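Engineer: coordinates only, sequence not included:
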């Protein structure tokens, strides 16, 4: 059975970090090694959300299926709240089993429970599996977005 859990700053983060670092990721995930200190620092901000998707194996172990992170935001007008989903990652060997859909449903419900009026995320145009997942969730809008990145060196 699949379960999605919200991860909090006060949780014992090392087992999750060990599961993340021991999971199978591929080039579509862009997952770098985690450490408990960095994750704790991230979670200490009041506006962040991090969820982990698990399945209980037949041997009784919890197997990490995926994870997601995001931030609750407020627009500078009307105090409208929304959830920006930064990352949704499903382990390379766990795809097409419902983890991504379970994660997204959890994030949408978290946004609703926090008074958000909108959930927003973006993905690469050529990320066919992600685009198929997000389209299957019946979004209100699918727009073409161009992303820009500025790498800041010391």
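Structural biologist: Right, received. Where do you want to start? Computed from a prediction, not measured in an experiment: that's the story for all the values here.
Engineer: And the longest strand seen in the chain, how far out from the chain middle?
Structural biologist: Looking across the chain with DSSP state E, the single longest strand is strand 62-74. Offset of strand 62-74 from its chain centre (CA atoms, centre = their mean, to the nearest Å): 3 Å.
Engineer: Mind listing the strands it pairs with, and their directions?
Structural biologist: Sheet pairing of strand 62-74 (DSSP bridges) gives strand 48-56 (antiparallel), strand 81-90 (antiparallel).
Engineer: Nearest the middle, which residue of the protein would you pick?
Structural biologist: residue 68 (1.3 Å; CA atoms, centre = their mean).
Engineer: show me the contacts for the nearest residue to residue 88 once chain neighbours are set aside.
Structural biologist: Leaving aside its sequence neighbours, residue 88 sits nearest to residue 68 (CB to CB, 6 or more residues apart in numbering; 4.4 Å). For glycine as for every other residue, the C-beta is placed from the backbone atoms N, C-alpha and C. When the contact criterion is CB atoms under 8 Å, 6 or more residues apart in numbering, the partners of residue 68 are 50-51, 85-89, 103-104, 107.
Engineer: Pick out whichever of these sits closest to residue 153.
Structural biologist: residue 86 (22.5 Å; CB to CB).
Engineer: Distance-wise, check the closest one relative to residue 73.
Structural biologist: According to CB to CB, to the nearest Å, residue 86 stands 11 Å off from residue 73.
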